[in-house]
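Participant: requesting a structural model of the entry that follows:
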Amino acid sequence: MFWVKRILIAVSALVLGLILSLLAAGLTRSYWQREWAPPDKQVELASKWPVLKISDVPPNSAFDLLQRAAKAQSGARPPEIQKELRRLNVEPWSDSSFPILVRLLEENQEALNLARSAAVAPNPQMPTYLSITDSFPYVTPVMRISELFRASAARKASMRDFTGAYAELETSMAFVQILSRGGYLIHVLVEMVCEIQASKAMRLIALQHDLPPEVASHAIARLLEIARTAEPLAETFRAEYRTVPSLIDMFFDPSKPSILGLAPDEKSAASEQRIRSRMKRAGWLVGSTREDVNADLARVYKNLVEVTEKPYQAQELKRLDKAFVPRMQFRDWILSRDPVGHMLTTITLPTFVPIITHYHGRKTDLHATAVVIAVRQFEQTQRRPPDVLQDLVPSYLAQVPIDSFSNEPLRFRRKSDGKWIVYSVGPNQIDEGGEQPKVDPRKYDDPGDTVFCACEADVARERIQREAGPPN
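Facilitator: This is a model prediction of the structure:
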């Protein structure tokens, strides 16, 4: 029995030594956040927007009226509506050629009137969301209201009521301000539909009609004002940071809903539950406690806020994308402090880079739309396009708006066929002459510029014809 005791003592000593070496390595090993996240980074994470509960939304405030407008809409829409929406401002409007939209406009007058009131009502802040499981039941209805305003604008433009048409599009853009104040990344969804689609409609109307100077000048001023007063992206991330405690609680508490949303199958759901159950019991053994994870994710958000408060830089996004959260092997998980924080950052970070590029693309889109309208005004007056954008100053623009991706004025070129283009260098920050339109406006490493051209309506018509296929 003596030799058995000696073996047990030797094994115990070996295990104890291994544990001590692992702990020492874990304490001295380079932190997974590495040099990009110094612990003393002085960045404010508190959002300037106060917490607003749904029960505290003031009656007849902007959000209250918009929510009532969303509820007042008529029921389900036929699938053919998308075809009519794609044809707006591209094909001539008539009530017979757009029967679905005509009917929806007539059925939704109450919703449209409430939405118009919302656009000019005080207190635009939406309720604050503190959990990633909070839902936004009014988002889809608001997007549908935005579609109706674009339809109403097309109808008014066909009757040469350009003042009314642009007023409808400006109302649609106001939804962004209402739904982006104090919210949880919701502005990204709303901007895509409510604002970018509305600015596209403004361009199409201006390219195909001679706008009265007062309508054009008002539209240019509003577009530049909307771009100037947009909620800073840093505020968006600060508001989103409010949900971090709920994300951490969900990970450490197996009774909470799935971290990644609805699991695709029972096997995946069971696997996640096992991981979360084990982490609840043993997370502290690998250095991952609620306090540690919260502190580490705070450092992640501090770096995101710092990046978004600086001018756009594609190389900075590349650094975020590739080196912000380095890939960890199994040995790294054993030796690293807070592998749970690393995992949660790996899950959430890929969504942030597209949000940053989309934000700058949105501002560039608004600026470019103002420039397109100004170029058209120059053409109406001079019967020719300008040679350079500086020709628009000061009669049509106080100054040439900047390209948010380059932080320099937007670019302009007259092509050999006599047509002109306004363009942005796009997320890759490379001037490619506007020859290659950007395919995916969210990718900083894709080639191509973001182009706004005199032939935008023709391009849209060709796309519609391709989608329709050859005639029978």
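Participant: quick one: low-confidence parts of this structure?
Facilitator: Filtered on pLDDT under 70, the chain yields the residue ranges 1-41, 184-193, 254-288, 322-337, 438, 441-442, 469-472.
Participant: scan it for its longest helix.
Facilitator: Taking DSSP state H as the assignment, the helix of the chain that covers the most residues is helix 352-382.
Participant: what comes up buried for it?
Facilitator: By neighbour count with 16 or more other CB atoms under 10 Å, helix 352-382 contains the buried residues 352-379. Backbone N, C-alpha and C define where each C-beta goes, glycine included.
Participant: also stretch 309-321?
Facilitator: Within stretch 309-321, the residues that qualify as buried are 312, 314, 316-317, 320-321, counting by 16+ other CB under 10 Å.
Participant: any idea how far the longest helix of the chain is from the middle of the chain?
Facilitator: Here helix 352-382 shows a centroid-to-chain-centroid distance of 17 Å under the convention CA atoms, centre = their mean, to the nearest Å.
Participant: kindly report the same for stretch 291-309.
Facilitator: Relative to its parent chain, stretch 291-309 has a centroid offset of 19 Å by CA atoms, centre = their mean.
Participant: adjust the sequence numbering to begin at 716 for everything that follows.
Facilitator: Done: numbering now begins at 716, and the last item shifts to stretch 1006-1024.
Participant: helix or strand: which one has the closest residue to L1019 other than its chain neighbours?
Facilitator: Nearest residue to L1019 in three dimensions, chain neighbours excluded: F952, at 5.1 Å (CB to CB, 6 or more residues apart in numbering). In the assignment (DSSP states H and E), F952 maps to helix 948-956.
Participant: so that helix versus helix 1067-1097, what angle?
Facilitator: Going by axes from the mean of the first three to the mean of the last three CA atoms, to 10 degrees, helix 948-956 is angled at 140 degrees with respect to helix 1067-1097.
Participant: contacting residues around helix 948-956?
Facilitator: 759-764, 843, 895, 897-900, 902, 1013, 1016, 1019-1020, 1023-1024, 1067, 1070-1071, 1074 (CB atoms under 8 Å, 6 or more residues apart in numbering).
Participant: thinking again about what came up before, farthest-separated two in the buried residues of stretch 1024-1036?
Facilitator: Distances among the buried residues of stretch 1024-1036 were taken as CB to CB; the most separated pair is Y1027 and D1036, at 14.1 Å.
Participant: which secondary structure elements does the one helix or strand A889 maps to contact?
Facilitator: The secondary structure element spanning A889 is helix 877-894 (assigned by DSSP H and E). The elements that helix 877-894 packs onto, with contact taken as 3 or more CB pairs under 8 Å, 6 or more residues apart in numbering; DSSP states H and E, are helix 777-787, helix 824-835, helix 854-873, helix 901-905, helix 911-923, helix 928-943.
Participant: buried ones in it?
Facilitator: For helix 877-894, the buried set under the neighbour-count rule, 16+ other CB under 10 Å, comprises 877, 880-894.
Participant: stretch 1152-1169 now?
Facilitator: Neighbour counts over stretch 1152-1169 (16+ other CB under 10 Å) mark 1152-1153, 1156, 1158-1159, 1163-1169 as buried.
Participant: show residues contacting whichever strand or helix holds R1128.
Facilitator: Element membership for R1128 (DSSP H and E) is strand 1126-1129. When contacts are defined by CB under 8 Å, 6+ apart, strand 1126-1129 is touched by residues 1086, 1090, 1100-1104, 1118, 1135-1140, 1146, 1148-1149, 1164.
Participant: report the buried members of the residues you listed.
Facilitator: 1086, 1090, 1100-1101, 1104, 1118, 1135-1140, 1149, 1164.
Participant: rewinding a little: what strands line up against the helix or strand following the longest helix of the chain, and which way round?
Facilitator: Toward the C-terminal end, the helix or strand that comes next after helix 1067-1097 (DSSP H and E) is strand 1117-1118. In the sheet containing strand 1117-1118, its partner strands are strand 1123-1124 (antiparallel), by DSSP bridges.
Participant: so how far is the strand it pairs with off the chain centroid?
Facilitator: 23 Å.
Participant: which residues are contacting it?
Facilitator: Contacting residues not belonging to strand 1123-1124 are listed as 1104, 1114-1118 [CB under 8 Å, 6+ apart].
Participant: apply 6 Å and report the result again.
Facilitator: The set of residues external to strand 1123-1124 that reach it, using CB atoms under 6 Å, 6 or more residues apart in numbering, is 1115, 1117.
Participant: just so I know, which of the helices and strands packed on helix 877-894 lies nearest F966?
Facilitator: The closest approach between F966 and any of the helices and strands packed on helix 877-894, judged by CB to CB, belongs to helix 901-905 at 23.0 Å.
Participant: helices and strands around the longest helix of the chain, which ones?
Facilitator: helix 911-923, helix 928-943, helix 1029-1038, strand 1135-1139 (3 or more CB pairs under 6 Å, 6 or more residues apart in numbering; DSSP states H and E).
Participant: good, we can wrap up now.
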